[in-house]
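Peer 1: Quick one, what's the 3D model for this:
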Amino acid sequence: MISALLLSAALVTGFIATSSEDSTGWNFTVVFPENIAFYYPNRPYNRVYITSLTNETKIYIKTHVVDTSKTLSAGQTEDFLYNERLELRRSNYSNVTLRITSNQRVTIHAISLKSTSIQTVLVIPNHKLGTEYFIPPVPPIQGTTVNVTERQHFRLIIVNTNQMNEVTVKAKHPQKLSLHPDQVAQVFITDDTYQSVKADHPITVIFGHTCAIYFNCTCSLLYTMLSPASQTPLKFYIPTVVVKGAETKTSLLLSNKTTTEVKMFDLGLPVVETAGTAILFHAGLLLKLIPVTDFAACYFINFLPNVDNFAVILVHKNHIDGVHMGSSPLKTTDWERLTGTDYVSTKVKLTPDKRLIWHSLTIMAVYFQGRRNQSRFGNPAAVLSKSPDYRGCISSPENLTIGSDAMSWPESVQYCRKQKMELISLSNSDHQRQIYDKIQQAMNPSPQEMWIGMRRSSLNTEWSWLNKNLVNDTNWAENEPGAVEEGHCVVMSANSTGKGFVWSDKECCEKAYPVCYIPPILISF
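Peer 2: Numbering: from 1, shown residues only. Model prediction:
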């Protein structure tokens, strides 16, 4: 009984966002692909936007040209501009990279801009990179693909991290590459037999084209950073608002371990399953789709100057009321149903003061989409947390532990403090529901009676919380609380309906299980 209780207690925290699940990290490698052509007369304006989650975040940027360092505060975004010396050319190998490290978690958004050609990418931190990637099929683009020599081929950009690495590109004619630390290799996709990239150690793989036709014979850089290969089937919901009005010109690029497929988008089938990669292609846009397994509760989007900035939000139709932008609930009725599913999507214009998009109850998918003249570009938004919370976006989730032994109320207070926690105070009805749900999800059945941090004064018989909050929202069982002599402390126990918990007073010297608690750390920018 006790061991089961301890095991379950460790699960009570619910959706815990770990560094392997969000988009933040401490170590990144960035490259800027060749944009249009390295000899194009306009200069590139390549930038990285670095956003810190905490104060005193020290960042270090190392290039083959110059090194830079800076200290950021919580919520601060700093952009760094790089010229053509940091843009890749057409050589097979290069050492033109940016190595970015920090002492605290950051997100990195990279922007490649030259003339009217613009693309953005959310940079994957090095600890989330993989050793195998599935290569998407090349989309048919008139005037761009392999039968037009002067336009070159689609290419793979393979970026090594900080150790020697052996890489194999699987195709009809396989290629084996030996990469030095921080070295970059470019592989041109010359036929339709390219299947995967495998390496001994983690790598970044970028898929794209330097000059893909997108409007009236105008070309633009087109690329996306691939996700590591999945060996299990993944489900992808397609936010139809992204391609509204251009559905017949949109396709899906699907790839897995054995096959690749270019599939025309069908508005009546806005969901796809594959044990691999799914990319939405539309003129000027390669949008890596977010699988359901990667849905999250809080996202961050950089607001870019001189472009139209949008957020694309996809969520279950029953949970649209829980979506927030900044500190306010999202005010829109323009939700579009994904045919045959329970999901809806919407596109909302961003403002510089509302960069956080979060949900109070569940998880969802959020994308950044930009528009500059005729150019369309975008990427998945940066995940900051997978932990839904009614209070906002969570940097570190609340921690909840139920003691393995029953004890008195005073002993419970001391027990929790020895764990560097507090006996839980439930002064808010939203918090009560959230805690009840977590206990029921993780512990079934839950302990019969559990102490909470409420006590009645012997002087004036008034109830108070240990954390000093006002006693407003209560959840007493029927005929509770009783008279003063019936008890000065409070236990909660499962409701007779099996849903939620109710409270009753109890003598403080009697025994129940302590519910210990640490509040979350909120992201407030």
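Peer 1: quick one: Ile357 and Ala296 touch, right?
Peer 2: No. Contact criterion CB atoms under 8 Å: Ile357 and Ala296 do not qualify, at 10.0 Å. To be clear about C-beta, it is placed using only N, CA and C from the backbone, and glycine gets the same treatment.
Peer 1: Mind naming the longest strand for this protein?
Peer 2: Counting by DSSP state E, the longest strand found in the chain is strand 196-215.
Peer 1: Direction included, what does that one pair against?
Peer 2: Using DSSP bridges, the strands paired with strand 196-215 are strand 130-134 (antiparallel), strand 155-160 (antiparallel), strand 165-170 (antiparallel), strand 218-225 (antiparallel).
Peer 1: which of those strands sits most buried?
Peer 2: Of all the strands paired with strand 196-215, strand 218-225 has the most neighbours on average by mean count of other CB atoms under 10 Å, namely a mean of 23.
Peer 1: And the next helix or strand past it?
Peer 2: strand 234-237 (DSSP states H and E).
Peer 1: And that next one, what's buried?
Peer 2: Buried residues in strand 234-237, counted by 16 or more other CB atoms under 10 Å: 234, 236-237.
Peer 1: mind checking how far the most centrally placed residue in the chain is from Asp342?
Peer 2: Residue closest to the average C-alpha location in the chain (CA atoms, centre = their mean): Val383, at 2.1 Å. Using CB to CB, to the nearest Å, one obtains 22 Å as the distance from Val383 to Asp342.
Peer 1: Tell me where the model's unsure across the chain.
Peer 2: Applying pLDDT under 70 to the chain flags residues 1-21, 143-151, 215, 444-446, 498.
Peer 1: 50 - rerun?
Peer 2: Along the chain, the model assigns pLDDT under 50 to residues 1-20, 147-150.
Peer 1: Which residue ranges of it form helices?
Peer 2: 2-9, 409-418, 429-442 (DSSP state H).
Peer 1: closest one to Leu98 among the ones you listed?
Peer 2: Checking these against Leu98 by CB to CB gives helix 429-442 as the closest, at 40.7 Å.
Peer 1: Next, give phi and psi for Lys420.
Peer 2: phi 60, psi 40 (degrees, to the nearest 10).
Peer 1: List the residues that contact it.
Peer 2: Ile518 (CB atoms under 8 Å, 6 or more residues apart in numbering).
Peer 1: same check, this time on the one 10 residues further on
Peer 2: Contacts of Asp430 were listed using CB under 8 Å, 6+ apart, and they are 360, 390.
Peer 1: So for Pro514, what's the nearest residue that isn't a sequence neighbour?
Peer 2: Closest residue in space to Pro514, ignoring its immediate chain neighbours: Ser412 at 3.4 Å, by CB to CB, 6 or more residues apart in numbering.
Peer 1: Please name the residues that touch the residue lying closest to Ile320 once chain neighbours are set aside.
Peer 2: Take Ile320 and drop its neighbours on the chain: the residue closest to it by CB to CB, 6+ apart is Trp335, 5.9 Å away. Shown in contact with Trp335 (CB under 8 Å, 6+ apart): 317, 320, 344-346.
Peer 1: Now with 10 Å, please.
Peer 2: Going by CB atoms under 10 Å, 6 or more residues apart in numbering, Trp335 touches 241, 313-315, 317, 320, 323, 343-346.
Peer 1: Buried ones among these?
Peer 2: The neighbour count (16+ other CB under 10 Å) marks 241, 313-315, 320, 323, 343-346 as buried among those.
Peer 1: For Pro329, name its beta-bridge partners.
Peer 2: Counting by DSSP bridges, the residues bridging with Pro329 are His324.
Peer 1: Would you mind confirming that it is in contact with Ile357?
Peer 2: No. Applying CB atoms under 10 Å, one finds Pro329 not in contact with Ile357, separated by 11.4 Å.
Peer 1: Pull up the overlap in contacts between those two.
Peer 2: Val323.
Peer 1: the more surrounded of those two?
Peer 2: Neighbour totals were compared for Pro329 and Ile357, and Ile357 leads with 26 against 13 (other CB atoms under 10 Å).
Peer 1: Show the contacting residues for the more buried one.
Peer 2: Ile357 neighbours (CB under 10 Å, 6+ apart): 296-301, 311, 313, 323-326, 330, 348, 350, 364, 366, 368, 381, 384, 393.
Peer 1: List the ones among these that fall in strands.
Peer 2: Those of those lying in strands (DSSP E): 298-300, 311, 313, 323-325, 348, 366, 368, 384.
Peer 1: okay, those in a markdown table with distance to Ala212 next?
Peer 2: Below are the ones in strands among the contacts of Ile357 laid out as a markdown table (distance: CB to CB, whole Å):
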| residue | distance to Ala212 |
| --- | --- |
| Cys298 | 33 |
| Tyr299 | 28 |
| Phe300 | 28 |
| Ala311 | 25 |
| Ile313 | 27 |
| Val323 | 33 |
| His324 | 36 |
| Met325 | 32 |
| Val348 | 28 |
| Val366 | 26 |
| Phe368 | 20 |
| Leu384 | 32 |
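Peer 1: Next, give me the two most distant ones among those residues.
Peer 2: Val348 and Leu384 (18.4 Å).
Peer 1: More neighbours: those two, which one.
Peer 2: Each of Val348 and Leu384 has its neighbours counted (other CB under 10 Å); Leu384 has more, 26 against 19.
Peer 1: I figured Cys516 hits Ile435, correct?
Peer 2: No. Taking contacts as CB under 10 Å, Cys516 lies outside contact range of Ile435: 11.9 Å.
Peer 1: Common neighbours of those two, please.
Peer 2: In contact with both Cys516 and Ile435: 400, 424, using CB under 10 Å, 6+ apart.
Peer 1: Now Ser429. Nearest residue, chain neighbours left out?
Peer 2: Nearest residue to Ser429, sequence neighbours excluded (CB to CB, 6+ apart): Asp473, at 4.0 Å.
Peer 1: Return the residues in contact with the one you found.
Peer 2: If you count contacts by CB under 10 Å, 6+ apart, then Asp473 has 426-432 around it.
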